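model this:
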Amino acid sequence: MPEQMVPTIMSRTRDDTLPGVRSRTVDTSRLETHYLESGGGDGTETVDTVVFVHGNVSSARFFEDIMVELPDRYRAIAPDLRGYGDSETKPIDATNGLGDFAADLRALFSALDLEEPVTLVGWSNGGGAAMRYTIDDPDSVENLVLLNPLSPYGFGGTKDTDGTPCFDDYAGSGGGLGNDEFVAGLADRDRGEGGESSPRKILRTFYVDPSHVFDEEREESYLTGMLDTATGDEHYPGDSTPSENWPGVAPGEHGVNNAISPKYCSLETITEIDPDAKPPVLWIRGDSDQIVSNESVFDIGTLGRMGQVPDWPGEDVFPPQPMVDQTRVVLEEYADAGGEFEEVVFDNTGHAPHVEVPGDVLNELEAVLE
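Residues are numbered from 1 along each chain as shown. The predicted structure is shown next:
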């Protein structure tokens, strides 16, 4: 029998990593993955593992605050997904939905020889990746915690709680709808404060409730986490195809924004997991989220209704996507089919509750873990 290869894990020193959080990289069977780690106990007992999965245009940095507060008896892992943070940049096959990210997580768990099942905590797109992972391998998930997650029907291009597409070609979703100024800011690593669509402006205005005041050092770390995003047709936002339907573009086959298009992203099948394998779901969201909401200001349907995109075909054809309602309906069906879920809403909180109110999120998470 050939000798099993043991992956090499390398420690890193990062000046802006919070005390108690370790920075490491490991070569998995799919890519070199950078991850943050904390806790793990004193080595005398088995510990539960909590895996934090970040969202679009972000990285594991956004979880450091909650990781340092998580009791040491838990092992916390927060990877940078492919094309984000300090992990290897590899193309994203959008035609498999969020499958690349789910498979990358599986490879990481294998390389680290994680004790399973784990608690998965997914934020935004990371919530979608966590759902996809759970669909593919439900027995390895003890609890599923969703922080302002992507709708089970993806982002953009659907008009009701059944996820009905506005057009057959899913026009109005995908990589062709990225904000050019924002994408350029990421590519140029712009740390300035000017411009309505600069990365720093988006962080302050949309990632959190606009009333939230950042600690200066933490803001710089979060901004770095945004700027460490690979851009282009194979990454963020992805490629596109022309369409005869409004607003003139449909999803391409590469990049993250196409991977979350309803053309390829189909997570409502989470309801079909065998009842004995369904992990309990905790859904946490902020009541002032402007990114994932029933009237998201990043959704072309909302922008059309507001008059910011010309020739909007109207409410009957292309309304704002009811993202929150879609998630609730799917989770209610999940419960009816033998699972369980709880919805927790934080007041005056935007898209990143773990950044805005980490103590409150930690209380909910510890209740799940215990």
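
And the helix or strand in which residue 181 is found, what does it pack against?
Assigned by DSSP states H and E, residue 181 belongs to helix 180-187. Under the contact definition 3 or more C-beta pairs under 8 Å, 6 or more residues apart in numbering; DSSP states H and E, helix 180-187 sits against helix 199-202, strand 231-232, strand 236-237. For every residue, glycine as well, the C-beta is placed using N, CA and C.

and with 7 Å instead?
Under the contact criterion of 3 or more C-beta pairs under 7 Å, 6 or more residues apart in numbering; DSSP states H and E, helix 180-187 touches helix 199-202, strand 231-232.

How about residues contacting that helix?
When contacts are defined by C-beta atoms under 7 Å, 6 or more residues apart in numbering, helix 180-187 is touched by residues 57, 195, 197, 198, 199, 202, 226, 227, 229, 231, 237.

Could you export that helix as CSV, CA atoms only?
Taking Å, rounded to 0.1, in the frame of the first residue of the first chain, the C-alpha atoms of helix 180-187 are listed here in CSV:
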residue,chain,number,x,y,z
ASP,A,180,-17.5,49.0,-13.2
GLU,A,181,-16.3,51.6,-10.8
PHE,A,182,-16.3,49.2,-7.9
VAL,A,183,-14.6,46.4,-9.8
ALA,A,184,-11.9,48.9,-10.9
GLY,A,185,-11.4,50.0,-7.3
LEU,A,186,-10.8,46.4,-6.3
ALA,A,187,-8.4,45.8,-9.2
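
Which residues in it does the neighbour count mark as buried?
Taking 16 or more other C-beta atoms under 10 Å as the basis for neighbour counts, the residues of helix 180-187 that come out buried are 182, 183, 185, 186.

Just give the nearest non-adjacent residue to residue 234, would you?
Using C-beta to C-beta, 6 or more residues apart in numbering and skipping the chain neighbours, the partner closest in space to residue 234 is residue 91 (3.9 Å).

same thing with residue 127?
Leaving aside its sequence neighbours, residue 127 is closest to residue 149 (2.6 Å, by C-beta to C-beta, 6+ apart).

before we move on, what about residue 194?
That would be residue 201: by C-beta to C-beta, 6+ apart, it lies 8.0 Å from residue 194.

Run a quick neighbour tally on the one you found.
For residue 201, the number of neighbouring residues by other C-beta atoms under 10 Å comes to 17.

distance of it from residue 117?
40 Å (C-beta to C-beta, to the nearest Å).

what about residue 29, how many residues close to it?
Residues near residue 29, counting by other C-beta under 10 Å, number 13.

Mind pulling up the pLDDT for the closest residue to it other than its chain neighbours?
Taking C-beta to C-beta, 6+ apart as the measure, residue 29 lies nearest to residue 107, with 4.8 Å between them; neighbours along the chain are not counted. Among the per-residue scores, residue 107 holds a pLDDT of 97.

close enough to count as contact, the residue nearest to residue 234 and residue 236?
No: checked against C-beta atoms under 7 Å, the pair residue 91 and residue 236 is beyond contact range at 11.7 Å.

Of those two, which one has the most company?
residue 236 (23 against 15).

Please name the bridge partners of that one.
Note on residue 236: beta-bridge partners by DSSP bridges are residue 231.

Tell me which residues touch it, please.
When contacts are counted by C-beta under 7 Å, 6+ apart, residue 236 is found next to 57, 83, 229, 230, 255, 256, 257.
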